[in-house]
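> Predicted model and sequence below, questions to follow.
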Amino acid sequence: MAIKVTNIQNKQEMEVVVSGPNGANRLFIYTGTAEFLFKGTGENWEHDSVSFTIGRHFVPGQVHKVIVTASPARISYISRAAQAGWLLDSVDADWMNQG
């Protein structure tokens, strides 16, 4: 089950006019900080996914390429964090299901 994003802080969008490659005429940059609560289960590593929407909605044919990055911005814990570890296994951009 995916973890629910509770808020996206500092959402920003930049649209830049470009000349190519491959006929592209715009570069869109979206940034923000996704906030969510993730609780571990003890000594075992817990893996889950976080999914959220940021920026405009595009349809196939409007986009030549998407590049996405992610990194932990802040981590907190209650009590003692024994054998704590954090990892981003992967990050990806995908088409949003309509309807």
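Ah, there it is.
> How many residues are close by residue 45?
9 (other CB atoms under 10 Å). Quick note: C-beta positions are derived from backbone N, CA and C, even for glycine.
> From residue 78, how far off is it?
Note on residue 45: its distance to residue 78, by CB to CB, to the nearest Å, is 19 Å.
> residue ranges with poor pLDDT in the chain?
1, 40-42, 81-83, 96-99 (pLDDT under 70).
> Nearest the middle, which residue of it would you pick?
In the chain, the centroid-proximal residue (CA atoms, centre = their mean) is residue 70; its distance is 5.9 Å.
> quick one: the residue nearest to that one when sequence neighbours are not counted from residue 49, how far?
Of all residues not flanking residue 70 in the chain, residue 91 sits nearest, at 4.2 Å (CB to CB, 6 or more residues apart in numbering). Distance of residue 91 to residue 49, computed by CB to CB: 10 Å.
> Could you do residue 26 as well?
From residue 26 to residue 49 the distance is 29 Å (CB to CB).
> likewise residue 73?
Counting by CB to CB, the gap from residue 73 to residue 49 is 18 Å.
> any idea how far stretch 36-53 is from the chain center?
From the chain centre to the centre of stretch 36-53 is a distance of 14 Å (CA atoms, centre = their mean, to the nearest Å).
> buried residues in that stretch?
Within stretch 36-53, no residue counts as buried by 16 or more other CB atoms under 10 Å.
> And that stretch, end to end?
Start-to-end span of stretch 36-53 (CA to CA, to the nearest Å) is 14 Å.
> cool, stretch 50-66 as well?
Note: stretch 50-66 ends 18 Å apart using CA to CA.
> List the buried residues for that stretch?
Within stretch 50-66, judged by 16+ other CB under 10 Å, no residue is buried.
> Output the longest strand belonging to this structure.
Of all the elements of type strand in the chain, the one with the most residues (DSSP state E) is strand 5-17.
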